[in-house]
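Chemist: here you go, sequence then predicted model.
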Amino acid sequence: LKDNKYANMAKEKTGLKPSLLVIAAGFVTAFLVLLIFGQEFFTEVACFFPPALITLMKMSNNTIDYSKWMTYWLIFNLFLVLESVTDYLKEWIPMYYWLKMMFLFWCFHSSTEGAKHIYSNVLLKFVDGGDVDEGDEGEQVSGGQYVEVDEPDEQEPLVEKEI
């Protein structure tokens, strides 16, 4: 912002640092969006776009933690499905959208990594970690990944043994 002529002009007229002006403009914009579009829209935008951008950046760098982000998007979509089925619950829970936004921020924020906690403490208990269906041609290893197992194409004939 030091080289921007508009930031320098705003600094001269107001006497404030350009970074403070950007932060103030962000708060004013968020407040106007909240007033115009409502709390539901504000929460959906705040809980969708930052994680979506982070997910895309991590995918492009090949540094994505799949368990964390798949769990986050599962939780996010679970909220959307439950809200469409149970509209009346939103009215009964005070400050529902603020609580939802704080919970989803906890899930995706890098310092708390709440989605990882939910994955390891809740979701893994519902998934059978060691068994592979007979139709699968892979073998499950740690982390839920499947690797190909080489199996012989022809089976050896069974030989009867006399006892």
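Modeler: Arrived safely.
Chemist: quick check: which element contains the residue positioned nearest the centre of the chain?
Modeler: In the chain, the centroid-proximal residue (CA atoms, centre = their mean) is Tyr72; its distance is 3.0 Å. Using DSSP states H and E, Tyr72 sits within helix 66-85.
Chemist: contacts for that helix?
Modeler: With CB atoms under 8 Å, 6 or more residues apart in numbering as the test, helix 66-85 has contacts from 47-48, 51, 55, 58, 89-90, 100, 104, 107-108, 113, 115-116, 118-119, 123, 143-144. Where you see a C-beta, it was placed from the backbone N, CA and C, and this is true even at glycine.
Chemist: next SSE after that helix?
Modeler: Following helix 66-85 toward the C-terminus (DSSP H and E): helix 87-92.
Chemist: helices or strands up against that following helix?
Modeler: Judged by 3 or more CB pairs under 8 Å, 6 or more residues apart in numbering; DSSP states H and E, helix 87-92 is in contact with helix 96-108.
Chemist: after the helix it packs on, which helix or strand is next?
Modeler: Later in the chain than helix 96-108, the nearest helix or strand by DSSP H and E is helix 114-118.
Chemist: got the buried residues for that next one?
Modeler: Under the neighbour-count criterion of 16 or more other CB atoms under 10 Å, helix 114-118 has 114-116, 118 buried.
Chemist: repeat that for stretch 83-96.
Modeler: Buried residues in stretch 83-96, counted by 16+ other CB under 10 Å: 83, 96.
Chemist: equivalent analysis for stretch 15-26, please.
Modeler: 18, 21.
Chemist: relative to the whole chain's centre, how far out is that stretch?
Modeler: The chain centroid and the centroid of stretch 15-26 are separated by 30 Å under CA atoms, centre = their mean, to the nearest Å.
Chemist: hmm, who's touching it?
Modeler: Residues from elsewhere that reach stretch 15-26 (CB under 8 Å, 6+ apart): 1-2, 4, 7-8, 10-11, 14.
Chemist: just the buried residues of the contacts of helix 66-85.
Modeler: By neighbour count, with 16+ other CB under 10 Å, these hold 47, 51, 55, 100, 104, 107-108, 113, 115-116, 118-119 as buried.
Chemist: since that was my last question, I'll sign off now.
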